[in-house]
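**Student:** okay, predicted coordinates and the sequence, questions at the end:
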Amino acid sequence: MDLLLIVSRTLHFAATASLEGTFAFWCYIARPAFRRAKAAPALEAQLDRRLLLLAWASLLIAIPSGVAWLLAVASQMSSQPLGAILPSGVLGVVLTHTQFGEDWRLRGALCVVLAVCLALQGRVWKQAWRWLGLASSVALVASLAWAGHGAAAEDVPWDAIHLPADLLHLVATGAWLGALFPLVLLLAVTLRDDSPEVLEVARVGTLRFSALGITCVALLVATGLVNTWFLSGTIPALIGTLYGQLLLVKVAFFGIMVAIAGINRNRLTPYLERIASVASLRLNAIRRLRRNAGIEVSLGFLVLAIVGIIGVLPPGLHTEPQWPLPFRFDFNELVAGAQTALVVATILFVACLAFGVLAAEKKRYRGAAVALAGVVVFAGIGWVALEPGIVVAYPTSFYAPTQPYAAPSIARGAPLYSTNCAACHGVSGRGDGPLAGSLPIRPANLTESHTFAHSVGDIYWWVSHGRANGVMPGFADKLTPDQRWDLINFVLARAAGVLTNAAGSQVTTAAAPPLPDFAFEQQGAQNTLSQTLKTGPVLLVLFAPPTPLARLEQLATLQPRLGGAGLRIIAVGIVELSGKSVASAASVAPVVVKVSDDVRATLALFRSPADGGETELMLDRGASVRARWTTSGTGGLADAATLSSDAVRVASIPVAAANHAGHAH
């Protein structure tokens, strides 16, 4: 089924692009070229017949390939074989109740309009029918945007520009690639007559096509960057997924086509003017132009074939990237001075490179040599600045967890750690397990800050395949992928808890330990920490018997005032209370919440038994712990003024943005 979908998509893209390009060539290139050169009408009629035949062939390919595409999609949607689509009525449902079906009906109507334009343009009002055909073919190609990823709009910033960019990308592709074969036909016709008028047609037609190509290439580059940002907006997604790799191949083919177009414009087209008195040399230039245009046509079809393939694949940002290189760049490893030097060196490197290309183009070789020297110098400076940031990488280095960093996952990971890791790393995770002394390399202390210096993908690789030359075994054969992520979440949560217990009462803007998400019930309503943090910072109160009713009542009284500063209060009893529950007391009900045992066990990692019975954590909008107060700590718990001022400051701390395309992995 995928093969049918790929073939039908490729043929449909190629046929619709050819239709748009043929009409664009008729209206914008062929007719003006013949009128300006005042060439023989018979030659124009001959080209018109060939273009008409090309347009009919394109339309006759577009219709059945579109039908095949529709049937393949209907089969996928219904999970039924192709033979059952019509009898079961699935096709009617797809046509009338899906976005793809509505789009297909529009394309069908446009195909009818195009057939009428082709049937009548040779009889009456030729130019009018051609312009109508151009408008219809542009609409036909543009409608393909609603069958692509750009139509899957999501409620995330900037997503509204994805569909328009996809639409313009398709139209520019059709105008440029679709007009290449008509250009080959024009050059083939002009080769049969070496009269000055006919050669002038070739010159004018080539120049007008070049202008069209420059416009389309500029659009393709701009819109291609936008589409790449939304679908494969990271380096790992580009080089570590099949979608991204095919996209890079497509870009490579596009680059070759642009290079050939540059040769045509800058090297061959000027020959049509400079050697006007030597017809044989002009004809030779035309032959080379035709040959290059033919190569571009072949490359263009390969580009469309890749489009047909990647359209059935999940975008790079929806796929876990398999990192293919043994190293990666970690800019967090660079000191501030090195980062500044790298940025400056990169800017100057690009500037020298651009200046060198321009100088070489204008044959100013001394300037090009100076620019080349600058390229070498700044490349060396950039390498020296970047080298400390080159770290070892693994195929899973850029994996994202399949299990969220949340209380249920951490609760599932705790027993997995006890069973598989505690013997070496110790019950507390400090590398002091009963087997630690017998190992040639001491197990890592998993409660230190270095735990967060590694990407979760690196940790996943170590848990799966082991490390330290086999001293640490891999658990891929013992734990499922989800279990490995649960185990990692537990290790990270415990390390975050240890780092939190060392935090002070002053708000910090440095890297801070993250608190996991959890669900709770407050005054009869269900909520989560992550949802609550969307409105601003949170004061998380963790308490144990004897219940600090006086403090809870104080916070409940202050809640309206603190809420004005954007601070929400969530109080959680770490131990399930017996007897009269404080959650039922009206005086503290606004702040005390009900949670599950898993949440209590997870949050207990963030509280020290020596806290005097209560720990209060100020969380920023990213759930990082920015300040900590305890009953037994110096200065005790924070007063209302401190909480208000700290809440304002914490609210201003920027947090890491979510994935720009809003996709979860």
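**Tutor:** Received it, and whenever you're ready, just let me know what you need.

**Student:** give the buried residues for the helix or strand containing Leu183.
**Tutor:** Following DSSP states H and E, one finds Leu183 within helix 162-190. Residues of helix 162-190 classed as buried: 162-163, 165-190 (neighbour count, 16 or more other C-beta atoms under 10 Å). The C-beta positions use only the backbone N, C-alpha and C, and glycine is treated the same way.

**Student:** and for stretch 41-57?
**Tutor:** 43-44, 47-48, 50-52, 54-56.

**Student:** for stretch 595-609, same thing?
**Tutor:** 595-596, 598-600, 602-603, 605-608.

**Student:** would you map the strands across the stretch 451-600 of the chain?
**Tutor:** In the stretch 451-600 of the chain, the strands defined using DSSP state E, counting those that start in this stretch lie at 519-522, 525-528, 538-543, 568-573.

**Student:** quick one: low-confidence parts of the chain?
**Tutor:** Within the chain, the segments meeting pLDDT under 70 span 1, 39-40, 122-124, 148-159, 194, 272-281, 577-586, 656-665.

**Student:** can you map out the strands along it?
**Tutor:** Here the chain has its strands, by DSSP state E, at 327-329, 390-392, 519-522, 525-528, 538-543, 568-573, 614-619, 625-630.

**Student:** just put those in a markdown table and tack on mean neighbour count and distance to Thr98.
**Tutor:** Below are these laid out as a markdown table (neighbours: other C-beta atoms under 10 Å; distance: least, C-beta to C-beta, whole Å):
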| stretch | mean neighbour count | distance to Thr98 |
| --- | --- | --- |
| strand 327-329 | 15 | 41 |
| strand 390-392 | 13 | 47 |
| strand 519-522 | 18 | 35 |
| strand 525-528 | 12 | 33 |
| strand 538-543 | 24 | 42 |
| strand 568-573 | 22 | 42 |
| strand 614-619 | 25 | 43 |
| strand 625-630 | 23 | 47 |
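
**Student:** could you save the ones you listed as TSV and add columns showing distance to Leu91?
**Tutor:** Output for these, formatted as TSV (distance: least, C-beta to C-beta, whole Å):
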stretch	distance to Leu91
strand 327-329	48
strand 390-392	53
strand 519-522	44
strand 525-528	42
strand 538-543	52
strand 568-573	52
strand 614-619	53
strand 625-630	57
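
**Student:** so which of the ones you listed gets nearest His97?
**Tutor:** strand 525-528 (33.4 Å; C-beta to C-beta).

**Student:** residues touching that closest one, excluding its own?
**Tutor:** With contact meaning C-beta atoms under 8 Å, 6 or more residues apart in numbering, strand 525-528 is reached by 517-521.

**Student:** again, only using 6 Å
**Tutor:** 517, 519 (C-beta atoms under 6 Å, 6 or more residues apart in numbering).

**Student:** for stretch 76-93, same thing?
**Tutor:** Against stretch 76-93 from outside (C-beta under 6 Å, 6+ apart): 71, 74-75.

**Student:** ranking those residues by neighbours, who comes first?
**Tutor:** Ala74 (25 neighbours; other C-beta atoms under 10 Å).

**Student:** burial count for the residue nearest to Pro401 when sequence neighbours are not counted?
**Tutor:** Leaving aside its sequence neighbours, Pro401 sits nearest to Trp485 (C-beta to C-beta, 6 or more residues apart in numbering; 4.7 Å). Neighbour count for Trp485, taken as other C-beta under 10 Å: 25.

**Student:** could you do Gly466 as well?
**Tutor:** 15.

**Student:** thought it was touching Gly474?
**Tutor:** Yes - applying C-beta atoms under 6 Å, one finds Gly466 in contact with Gly474, separated by 3.8 Å.

**Student:** which residue ranges form the helices in the stretch 251-400 of the chain?
**Tutor:** Here the stretch 251-400 of the chain has its helices, by DSSP state H, counting those that start in this stretch, at 271-274, 279-310, 336-361, 365-386.

**Student:** now render those as a markdown table, adding mean neighbour count and distance to Gly470.
**Tutor:** Listed next are these as a markdown table, based on neighbours: other C-beta under 10 Å; distance: least, C-beta to C-beta, whole Å:
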| stretch | mean neighbour count | distance to Gly470 |
| --- | --- | --- |
| helix 271-274 | 15 | 67 |
| helix 279-310 | 19 | 40 |
| helix 336-361 | 15 | 35 |
| helix 365-386 | 15 | 32 |
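
**Student:** closest one to Leu540 among those helices?
**Tutor:** Using C-beta to C-beta, the nearest of the helices of the stretch 251-400 of the chain to Leu540 is helix 336-361, at 32.2 Å.
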